[in-house]
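1. Next come a sequence and a model predicted from it.
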Amino acid sequence: MKNLARLGGVLLLTVFTFSCKNDSKTENKTTTLKEVKTISAKDILGNPDYLAISYGGYRKTSRDMQPTVDEIKEDMKLLSAMGVGILRTYNVQMAHASNVLKAITALKQENPEFEMYVMLGAWIDCKNAWTDKVPDHDVESEQNAEEIRRAVTLANQYPDIVKIIAVGNEAMVKWATSYYVQPTTILKWVDHLQALKKEGALAKDLWITSSDNFASWGGGDPEYHVPDLNKLIGAVDYLSVHTYPMHDTHYNPAFWGTPAIEKNKTDLEKIDAAMARAKTYAMNQYDSVKSYMEGLGIQKPIHIGETGWATISNRHYGPEGSKATDEFKEALYYQHMRDWTAEVGIACFYFEGFDEQWKDAANPLGSENHFGLINLKSEAKYALWNLVDDGVFEGLTRDGKPITKTFNGSLEELMKTVLVPPSN
């Protein structure tokens with residue numbers, strides 16, 4: 001009854017006794033009626049009983065090979081066993097998001113106690129994005145309108161599952177040079193969706209946001225502090241903020257390296273200290289967004305829309321780079337973020353549930369392929385070893401394989417891959 005208990009008063013069971021009378025006999029009938037109070041994003045986000053996670057079910061080196069509904073059902077069972085209650089998808093151009101919703105619906109039909117909700121992403125591009133033409137960041141792609149239309153259709157088709165629509169993913173941050181748009185484009189579509197809610201064309205308790213880098217939300221460079229961003233902050237139901245200390249172990253490494261004051265610490269102590277600083281780094285980026293928002297006189301929720309830590313890199317973050325990537329550090333970061341966000345009552349869409357190899361298909365050891373908590377061999381990485389020990393995944397499979405531990409469960413072998421951050 002775990003999932004029913006999670007609702008904590010949202011699901012109410014009421015028993016009525018009816019006395020029915022006809023000419024031939026009197027019958028006493030007891031009928032159980034299930035009254036369901038709709039659960040909303042407000043009930044889920046920041047609720048520790050509904051862990052949040054980013055989800056892509058792609059197994060292959062190309063997204064042309066979409067995961068099937070049955071494959072996604074396997075993944076949903078695994079995520080639910082981990083305590084995940086809401087997941088995030090990224091676009092509705094492909095079959096993936098629709099198949100996720102079909103899979104969840106099928107699982108609910110098979111087991112009425114099954115619970116999983118979705119933050120549905122609608123991808124937003126600028127004109128000429130992903131083409132051989134020069135991107136025009138001041139003009140939006142003509143495809144955006146259809147993407148929003150598809151998101152609205154799915155939200156209305158699955159109102160019991162879709163609780164959030166996110167307009168764009170890192171669509172405003174200026175290092176996304178292939179496709180970024182100006183805040184006015186995101187504002188246009190957020191306003192459109194909010195208007196549909198007022199008209200009754202979307203559920204009134206559906207939350208609308210955009211999911212973007214902390215700087216895009218005003219927490220960084222002043223070049224982002226433009227009037228349309230301020231209007232956007234006022235228009236969304238909450239701010240979905242991305243923070244990636246792992247990336248900044250290369251791009252902004254002042255917080256990362258081992259300082260001289262720690263030179264006499266053990267290697268494990270140096271690693272622990274570095275990961276504690278990574279946590280503080282993420283917290284500071286969150287706080288910078290909060291400060292900017294409050295400086296505008298606005299008060300509304302802010303949640304972590306994305307953060308994560310890769311376990312392998314053969315470039316910037318690996319042995320020849322910042323020495324950041326391995327399963328031990330991922331586990332420390334994962335726990336730090338879960339502990340902090342639970343303590344302050346915010347959601348953390350951890351990136352991500354499963355490794356995906358399409359993101360850097362030409363470089364199998366590229367970090368983008370290795371952010372998952374479970375790898376493509378159906379092995380739980382170190383962050384989840386305790387769940388394997390606890391039998392959480394017993395009877396569950398991925399691609400027909402039971403969930404086992406990486407490194408055959410040998411901590412000694414795992415630690416051979418763990419590197420100390422370089423001296424600062």
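-> Structure received.
2. how far is stretch 268-281 from where the chain is centred?
-> Stretch 268-281 has its C-alpha centroid displaced from the chain centroid by 23 Å (CA atoms, centre = their mean, to the nearest Å).
3. for that stretch, what is the average pLDDT?
-> For stretch 268-281, the mean per-residue pLDDT is 98.
4. buried sites along that stretch?
-> Neighbour-count burial for stretch 268-281 flags 270-271, 273-275, 277-279, 281 (criterion: 16 or more other CB atoms under 10 Å). For the C-beta atoms, the positions are set from N, CA and C on the backbone; glycine is no exception.
5. what about the helices in the stretch 1-150 of the chain?
-> 2-6, 41-44, 69-81, 95-110, 144-157 (DSSP state H, counting those that start in this stretch).
6. Take the ones you listed and write them to TSV, including distance to residue 236, mean pLDDT and mean neighbour count.
-> As requested, these are exported to TSV (distance: least, CB to CB, whole Å; pLDDT from 0 to 100; neighbours: other CB atoms under 10 Å):
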stretch	distance to residue 236	mean pLDDT	mean neighbour count
helix 2-6	26	37	14
helix 41-44	12	97	20
helix 69-81	26	98	20
helix 95-110	20	98	18
helix 144-157	15	98	18
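7. Export the ones you listed to CSV and append columns for distance to residue 169.
-> Formatted as CSV, the helices of the stretch 1-150 of the chain follow (distance: least, CB to CB, whole Å):
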stretch, distance to residue 169
helix 2-6, 28
helix 41-44, 17
helix 69-81, 20
helix 95-110, 12
helix 144-157, 11
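8. Compare these and report which one is nearest to residue 183.
-> helix 144-157 (14.1 Å; CB to CB).
9. Could you list the buried residues of whichever helix or strand comes after that closest one?
-> Moving toward the C-terminus from helix 144-157, the next helix or strand (DSSP states H and E) is strand 162-169. Going by neighbour count (16+ other CB under 10 Å), the buried part of strand 162-169 is 162-169.
10. Out of those, the closest to residue 198 would be?
-> Residue 198 lies nearest to residue 165 out of the buried residues of strand 162-169, by CB to CB, at 14.9 Å.
11. Name all residues that make contact with that closest one.
-> Each residue near residue 165 by CB atoms under 8 Å, 6 or more residues apart in numbering is listed here: 119-122, 151-152, 155, 193, 206-209.
12. re the thing from before, take the buried residues of stretch 268-281 and keep only those in helices.
-> Counted as lying in helices by DSSP state H, out of the buried residues of stretch 268-281, are 270-271, 273-275, 277-279, 281.
13. Just the closest of the residues you listed to residue 330, please.
-> Nearest to residue 330, judged by CB to CB, of those is residue 275 at 9.6 Å.
14. picking up where we left off before, among the ones in helices among the buried residues of stretch 268-281, pick out the one closest to residue 418, please.
-> Closest to residue 418 out of these is residue 271 (6.9 Å), distances taken as CB to CB.
15. Quick check: that closest one touching residue 418?
-> Yes - taking CB atoms under 8 Å as the definition, residue 271 is a contact partner of residue 418 at 6.9 Å.
16. Common neighbours of these two, please.
-> By CB under 8 Å, 6+ apart, the residues touching both residue 271 and residue 418 are 328-329.
17. The buried residues of strand 162-169 into a markdown table, with extra columns for pLDDT?
-> Output for the buried residues of strand 162-169, formatted as a markdown table (pLDDT from 0 to 100):
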| residue | pLDDT |
| --- | --- |
| 162 | 98 |
| 163 | 98 |
| 164 | 98 |
| 165 | 99 |
| 166 | 98 |
| 167 | 98 |
| 168 | 98 |
| 169 | 98 |
